[in-house]
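only the shape, not the letters, is given here:
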């Protein structure tokens, strides 16, 4: 019985790891990956610990297995977070990098703000939080690509 439980635990963990999201914080690295793997960049500006629509978007779309599975093969995900709580503070370098991304791609300071772009950083489309299914959100993102 213990052996069966162990096998089930290992299998479940492996399945979760297989669909884990890989959120990047280094934009240049993300562009390189997008170019190498022929993927689209999805840059998300969020306030992870204070922005209610950001948190809703994470729960309704980003954290779903449907989105994770699709994104793994089609998108390079980049997160530009702007937390307010000291316990969630980012490094000075990351804070500066995120501010630079905002200066370039989110001049109005909208949260959440989702920018879809090619591997060179050319904007293909922009969106934000929508009360929708993961499938419909994927369709919205793909609509900017085609």
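That came through, no problem. On a predicted model such as this, the values are computed, not experimentally measured, just so you know. Numbers count the residues shown, from 1 in each chain.

can you name the next helix or strand after the helix or strand of the chain with the lowest mean pLDDT?
Across the helices and strands of the chain, mean pLDDT, DSSP states H and E gives its lowest value to helix 2-18, namely a mean of 41. Once helix 2-18 ends, the next helix or strand along the chain (criterion: DSSP states H and E) is strand 23-24.

list the strands paired with that following strand, with their directions.
strand 75-81 (parallel) (DSSP bridges).

how about residues contacting the partner strand?
The contact list for strand 75-81, computed with Cβ atoms under 8 Å, 6 or more residues apart in numbering, reads 21-25, 27, 30, 33-34, 37, 39-48, 62, 71, 90, 97-98, 101-102, 106, 141. Bear in mind the C-beta positions are built from the backbone N, C-alpha and C, glycine included.

which parts of the chain are strands?
Remark: strands assigned in the chain by DSSP state E are 23-24, 40-46, 75-81, 113-117, 123-127.

give me the buried positions along the fourth one.
Going back to what we said before, that points to strand 113-117. Buried residues in strand 113-117, counted by 16 or more other Cβ atoms under 10 Å: 113-117.

sheet partners, orientation included, of it?
Paired with strand 113-117 in the same sheet, following DSSP bridges, are strand 40-46 (antiparallel), strand 123-127 (antiparallel).

ranking those by burial, who's on top?
strand 40-46 (a mean of 23; mean count of other Cβ atoms under 10 Å).
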